[in-house]
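Trainee: I would like the atomic coordinates for the input below:
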Amino acid sequence: MVEIDHYCTDKPVCPWCGHEQDPVDIEHHGSGATWDCELDDCRKPIVVTVECTPSFWTRKGEIRDGQ
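Mentor: Residues are numbered from 1 along each chain as shown. Reported below is the predicted structural model:
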């Protein structure tokens, strides 16, 4: 049996067949949420858990007098 990498992936990956599903096609529940579903390819039951890693965006602020 072939092992399929399905841990910490960018997209949900079926651990049965390896099919990658676009996350926009799956209901979003938020970080840490877990639910049962079937992905589009083989339709076997899987459990999906959402893990979110923070990312940051910065930009220059306005310089005020005296700074």
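
Trainee: Let me know how buried residue 66 is, in neighbour terms.
Mentor: 4 (other Cβ atoms under 10 Å). For every residue, glycine as well, the C-beta is placed using N, CA and C.

Trainee: Doesn't it belong to a strand?
Mentor: No: under DSSP: H, G, I helix; E, B strand; the rest coil, residue 66 falls outside any strand and is assigned coil.

Trainee: Tell me which stretches of this structure form strands.
Mentor: 34-38, 45-49 (DSSP state E).

Trainee: can I get the ones you listed in JSON lines with mean pLDDT?
Mentor: Below are those laid out as JSON lines (pLDDT from 0 to 100):
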{"stretch": "strand 34-38", "mean pLDDT": "78"}
{"stretch": "strand 45-49", "mean pLDDT": "86"}
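
Trainee: right, and the ones you listed - which one's nearest residue 14?
Mentor: Proximity to residue 14, assessed across the strands of the chain by Cβ to Cβ, is greatest for strand 45-49 (6.1 Å).

Trainee: For the protein, which residues score under the pLDDT cut-off?
Mentor: The model of the chain has pLDDT under 70 over residues 1, 24-31, 67.

Trainee: State the number of residues packed around the nearest residue to residue 34 once chain neighbours are set aside.
Mentor: Nearest residue to residue 34 in three dimensions, chain neighbours excluded: residue 49, at 4.4 Å (Cβ to Cβ, 6 or more residues apart in numbering). For residue 49, the neighbour count with other Cβ under 10 Å is 11.
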